[in-house]
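> got a structure for you, letters missing:
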């Protein structure tokens with residue numbers, strides 16, 4: 001029985017449904033189901049089998065609603081003929097009611113392509129607020145789940161030859177993803193889009209890349225988070241890398257992340273010219289000039305230390321231990337950087353804090369730079385951003401600590417909870433600041449570069 005990722009990739013690559021042919025060339029579909037394979041290896045149970053009949057009926061009704069909305073959106077787009085397709089997740093934040101990680105893309109389109117319509121393709125987890133988002137967004141949207149729902153019905157109603165019964169779910173998943181790609185390609189052709197812009201969500205965006213290739217469309221992916229050596233499945237071991245589709249262009253935040261992409265994911269090393277440094281697709285309002293941060297370079301106070309904690313769901317028990325120690329030290333202050341997509345009171349409670357504790361929540365970058373001396377976390381992309389703005393990082397030793405690259409650059413240190421005390425930190429902070437000052441240009445990035453976008457599009 002195949003029990004590791006490499007063996008499963010090799011086996012699945014031999015199946016006819018793992019390939020989509022485009023003339024004399026063939027694209028592998030196996031990279032699109034790496035998460036499914038990991039779930040199989042980890043023996044994760046199928047949640048659908050544990051649901052009640054009422055829950056199943058509700059799910060089908062919700063899916064049918066998404067299918068209807070998607071079909072109506074396709075019809076509208078046949079009339080409007082949008083130039084751009086945008087893939088992201090189903091989040092509605094900010095001025096454009098969009099995924100805030102690519103708000104800059106919407107800003108760019110409005111600034112440089114005012115008369116060009118766009119259609120959004122979103123990955124959504126159906127919940128109570130799904131239809132609220134539809135009403136709030138008020139523009140055409142096609143749901144990936146609706147496409148998969150149609151594909152799954154077709155697959156279940158057809159005769160599908162399963163070669164290995166033990167891998168039935170994975171083999172069926174290949175059929176579904178292959179059909180998803182063909183449906184996407186068909187939709188692209190009938191609505192007339194010319195370019196697909198997408199968030200680089202490695203779980204899903206390969207489907208859009210392959211569909212774009214089949215439709216002869218340009219595809220551009222935007223970095224939305226860190227590239228990590230801890231996501232080993234993205235090395236696509238056992239898969240012929242020459243058959244793995246990559247976007248025509250990938251926009252990296254800076255040179256550090258561009259090089260990290262090559263080092264971590266061999267498929268990009270095959271076509272380095274396709275990866276360019278173009279800044280972050282976040283809103284331009286999130287960025288300030290170096291002048292705004294000049295005061296950070298002049299910090300000399302060590303009589304007190306303010307430690308900014310990043311809310312990271314997978315390391316809460318370790319963060320709470322450190323926060324408990326800081327609360328007992330009058331020389332140290334707790335600051336918090338919370339996530340916008342999780343209830344604030346829940347995050348505060350998860351970190352072991354209450355209304356009786358002294359802490360402050362920071363959200364504005366300028367405020368963070370002015371008030372924080374050190375940033376504490378274990379794996380957040382935010383830690384890398386902080387280094388770019390001159391803040392040293394403390395990594396809490398725990399199983400989820402994933403900032404070895406920051407440590408190797410000398411801009412972060414790894415400490416156990418009992419090592420995080422005022423005496424040690426106050427004696428170390430000047431050296432840490434000096435290291436960060438020397439290296440921060442590697443980690444700094446700016447807003448989306450319109451000139452580079454113009455040259456690509």
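Now that the structure is in, tell me what you want to look at. A quick note: this is a predicted structure, and the numbers were derived from the prediction, not measured. Numbers count the residues shown, from 1 in each chain.
> pLDDT-wise, which helix or strand of the protein ranks last?
helix 130-137 (a mean of 84; mean pLDDT, DSSP states H and E).
> next structured bit after that one?
Using DSSP states H and E, the helix or strand that follows helix 130-137 in sequence is strand 141-143.
> got a pLDDT number for residue 47?
pLDDT, residue 47: 47.
> hang on, the earlier thing: list the buried residues in the least confident helix or strand of the chain.
Neighbour-count burial for helix 130-137 flags 130, 133, 134, 137 (criterion: 16 or more other Cβ atoms under 10 Å). Backbone N, C-alpha and C define where each C-beta goes, glycine included.
> Of those, just say which sits nearest to residue 428.
Closest approach between the buried residues of helix 130-137 and residue 428, by Cβ to Cβ: residue 133, at 46.1 Å.
> Residue 89 is in contact with that closest one, correct?
No - the pair residue 133 / residue 89 is not scored as a contact, 10.9 Å apart, by Cβ atoms under 8 Å.
> residues shared between the contacts of these two?
By Cβ atoms under 8 Å, 6 or more residues apart in numbering, residue 133 and residue 89 have these common neighbours: residue 124.
> Check which residues of stretch 421-436 are buried.
Quick answer for stretch 421-436 (16+ other Cβ under 10 Å): 421, 422, 425, 426, 429, 432, 433, 435, 436.
> quick one: the second one and residue 307, what's the gap?
Applying Cβ to Cβ, to the nearest Å, the value for residue 422 to residue 307 is 10 Å.
> Find the residues that touch each one of the two.
Counting by Cβ under 8 Å, 6+ apart, the residues touching both residue 422 and residue 307 are residue 332.
> model confidence over the helix or strand harbouring residue 39, on average?
Using DSSP H and E, residue 39 falls within helix 34-41. Mean pLDDT, computed over helix 34-41, is 90.
> And the next helix or strand past it?
Per DSSP H and E, the first helix or strand lying C-terminal to helix 34-41 is helix 53-80.
> just checking, what packs against that next one?
Secondary-structure packing of helix 53-80 (3 or more Cβ pairs under 8 Å, 6 or more residues apart in numbering; DSSP states H and E): helix 130-137, strand 141-143, helix 144-156, helix 168-191.
> Tell me which other helices or strands the shortest one touches.
Packing partners of strand 141-143 (3+ Cβ pairs under 8 Å, 6+ apart): helix 53-80, strand 118-123.
> one step back: considering the buried residues of stretch 421-436, which is situated nearest to residue 69?
The closest of the buried residues of stretch 421-436 to residue 69 turns out to be residue 436 (Cβ to Cβ; 47.9 Å).
> Tell me which residues touch the closest one, please.
387, 390, 391, 392, 411.
> What about those residues, which are in helices?
Counting by DSSP state H, the part of the contacts of residue 436 found in helices is residue 387.
> any idea which of the contacts of residue 436 is least confident?
residue 390 (90).
> Need the phi and psi values for it.
phi 90, psi 10 (degrees, to the nearest 10).
> could you measure it against residue 98, distance?
According to Cβ to Cβ, residue 390 and residue 98 sit 30 Å apart.
> With residue 13 instead?
Going from residue 13 to residue 98 by Cβ to Cβ gives 36 Å.
> In terms of neighbours, single out the busier of these two.
Set residue 13 next to residue 98 and count neighbours by other Cβ atoms under 10 Å: residue 98 wins out with 23 against 18.
> where's the more buried one relative to residue 88, distance?
Applying Cβ to Cβ, the value for residue 98 to residue 88 is 7 Å.
> I'd assumed residue 115 was in contact with residue 82.
No - between residue 82 and residue 115 there is no contact under Cβ under 8 Å: 11.0 Å.
> Looking at those two, which has the bigger crowd around it?
residue 82 (20 against 5).
> residues touching the more buried one, list them.
116, 117, 118, 119, 140, 191, 192, 193.
> rerun at 10 Å
Contact analysis of residue 82 by Cβ atoms under 10 Å, 6 or more residues apart in numbering lists 76, 116, 117, 118, 119, 120, 140, 191, 192, 193, 194, 195.
> buried subset of these?
Buried members of the contacts of residue 82, counted by 16+ other Cβ under 10 Å: 117, 118, 119, 120, 140, 191, 193, 194, 195.
> Now the last one. Nearest residue, chain neighbours left out?
Once flanking residues are discounted, residue 195 sits nearest to residue 218: 4.5 Å by Cβ to Cβ, 6 or more residues apart in numbering.
> One more: the first one?
The shortest distance from residue 117 to any residue other than its chain neighbours is 3.8 Å, reached at residue 82 (Cβ to Cβ, 6+ apart).
> Look up phi and psi at the one you found.
When read as degrees, to the nearest 10, the backbone of residue 82 gives phi -70, psi 140.
> Residue 110 contacts residue 98, correct?
No - contact between residue 110 and residue 98 fails when scored by Cβ atoms under 10 Å: they sit 11.6 Å apart.
> tell me the residue furthest from the middle of the chain?
Distance from the C-alpha centroid of the chain, by Cα atoms, centre = their mean, peaks at residue 303 (38.6 Å).
> circling back: shared neighbours, residue 98 and residue 88?
In contact with both residue 98 and residue 88: 105, 106, 120, 122, using Cβ under 10 Å, 6+ apart.
> can you list the domain ranges for the protein.
The chain breaks down into these domains under automatic domain parsing: 5-229+242-284, 290-443.
> Redo those domains as CSV? Include distance to residue 236.
As requested, those are exported to CSV (distance: least, Cβ to Cβ, whole Å):
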stretch, distance to residue 236
domain 5-229+242-284, 5
domain 290-443, 20
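> Ok, which of those comes nearest residue 451?
domain 5-229+242-284 (9.0 Å).
> And that closest one, how far out from the chain middle?
12 Å (Cα atoms, centre = their mean, to the nearest Å).
> Can you pull out the low-pLDDT segments for this structure?
Scanning the chain with the threshold set as pLDDT under 70 gives 1, 44-50, 288-302.
> Which residue is the nearest non-sequential neighbour of the residue farthest from the centre of the chain?
In this structure, residue 303 finds its nearest non-sequential neighbour in residue 331, 7.3 Å apart by Cβ to Cβ, 6+ apart.
> what's the answer for residue 252, then?
Nearest residue to residue 252 in three dimensions, chain neighbours excluded: residue 258, at 4.1 Å (Cβ to Cβ, 6+ apart).
> returning to what we had before: which one of the shared contacts of residue 98 and residue 88 is nearest residue 456?
The closest of those to residue 456 turns out to be residue 105 (Cβ to Cβ; 12.0 Å).
> mind checking how far that closest one is from residue 86?
Computed as Cβ to Cβ, the residue 105 to residue 86 distance reads 7 Å.
> Those two: who's more crowded?
residue 105 (27 against 23).
> ok, the more buried one touching residue 195?
No - with contacts counted by Cβ under 10 Å, residue 105 stays clear of residue 195, the gap being 11.2 Å.
> Mind listing the shared neighbours of the two?
Joint contacts of residue 105 and residue 195 (Cβ under 10 Å, 6+ apart) are 84, 86, 118, 220.
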